[in-house]
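Visitor: quick one, structure for this:
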Amino acid sequence: MSYYFSVCTTEMYQQKHILFLLENYKDLGLPYPFPLTLSLIASPLLMERESFLCFNEDHEVIGAFSYIFGTGEMQYEDREVVQIQAVFIREEYRGSRVFLMALQFMTEYITFMGEDVREVRFWASDDVLLRRLFSKIADRVSSVDSAFGPLDEYHAPFAAWQAYASRFRHEPFFPS
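Guide: Okay, the predicted model is just below:
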């Protein structure tokens with residue numbers, strides 16, 4: 001099975017990105033009320049940052065992910081930090097290589113765009129399976145009981161993400 005990715009640079013693709021995530025709102029599993037979830041989903045587009053779609057060979061959207069530069073604590077001036085805002089892959093594709101390919105695509109895209117990223121951060125529910133998956137690509141730096149439920153915070157050096165992604169053979173997404 002083949003997959004391909006698209007950067008959401010047009011209004012049509014940005015709309016597809018938001019609609020796909022909203023259609024899968026319940027399955028996102030985010031422990032936030034809807035307004036906060038919507039802000040996380042929309043923030044990369046509103047901040048004019050990157051969002052991506054993954055398609056299957058029938059050109060159906062099967063996944064979406066996005067990030068922003070910087071942290072709220074630093075008024076988003078610490079652009080060497082990338083925060084993953086949302087990642088969702090349809091359940092029937094989760095056992096495939098789509099997640100790995102998305103990681104490869106994102107790291108190559110950031111490098112291709114010439115961004116000076118040093119760290120990647122993200123938050124996830126405190127699920128045992130997610131912890132096992134994410135321990136391969138990041139360090140869990142904290143676990144908190146938020147008003148919305150338990151959350152784990154993860155950090156990883158961007159270079160470590162690049163090294164991990166490049167361990168697996170694939171065709172480059174961007175020219176070097």
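
Visitor: can you pull out the low-pLDDT segments for this structure?
Guide: Within the chain, the ranges that satisfy pLDDT under 70 run 47-48, 148.

Visitor: show me where it has its helices.
Guide: Secondary structure of the chain (DSSP state H): helices located at 11-23, 25-28, 34-46, 98-112, 128-134, 158-166.

Visitor: make TSV out of these and add distance to Phe122.
Guide: (Glycine included, C-beta is placed from N, CA and C.) Listed next are the helices of the chain as TSV, based on distance: least, C-beta to C-beta, whole Å:
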stretch	distance to Phe122
helix 11-23	15
helix 25-28	13
helix 34-46	11
helix 98-112	11
helix 128-134	8
helix 158-166	11
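
Visitor: which one of those helices is the most hemmed in?
Guide: Per residue and on average, the most neighbours among those fall to helix 98-112, with a mean of 19 (mean count of other C-beta atoms under 10 Å).

Visitor: how about it as CSV, C-alpha atoms only?
Guide: Taking Å, rounded to 0.1, in the frame of the first residue of the first chain, the C-alpha atoms of helix 98-112 are listed here in CSV:
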residue,chain,number,x,y,z
VAL,A,98,2.1,5.7,8.3
PHE,A,99,3.3,7.0,11.7
LEU,A,100,6.9,6.4,10.9
MET,A,101,6.5,8.0,7.5
ALA,A,102,4.8,11.0,9.1
LEU,A,103,7.8,11.4,11.4
GLN,A,104,10.2,11.1,8.4
PHE,A,105,8.2,13.6,6.4
MET,A,106,8.0,16.1,9.3
THR,A,107,11.8,15.9,10.1
GLU,A,108,12.7,16.2,6.5
TYR,A,109,10.3,19.1,5.9
ILE,A,110,11.7,21.1,8.9
THR,A,111,15.2,20.5,7.7
PHE,A,112,14.3,21.3,4.1
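
Visitor: contacts for it next, please.
Guide: Contacts with helix 98-112, where a contact means C-beta atoms under 8 Å, 6 or more residues apart in numbering, come from 3, 5, 7, 50, 52, 54, 62-63, 65, 67, 82, 87, 89, 117, 133, 137, 158, 161-162, 164-166, 168, 170, 172-175.

Visitor: of all the helices of the chain, which lies closest to Gln75?
Guide: helix 34-46 (14.1 Å; C-beta to C-beta).

Visitor: what's the angle between that closest one and helix 11-23?
Guide: Relative orientation of helix 34-46 versus helix 11-23 (axes from the mean of the first three to the mean of the last three C-alpha atoms, to 10 degrees): 160 degrees.

Visitor: list of residues touching helix 34-46?
Guide: With C-beta under 8 Å, 6+ apart, helix 34-46 has contacts from 8, 14, 17-18, 21-22, 25, 28, 30, 32, 49-51, 66-68, 85-86, 148.
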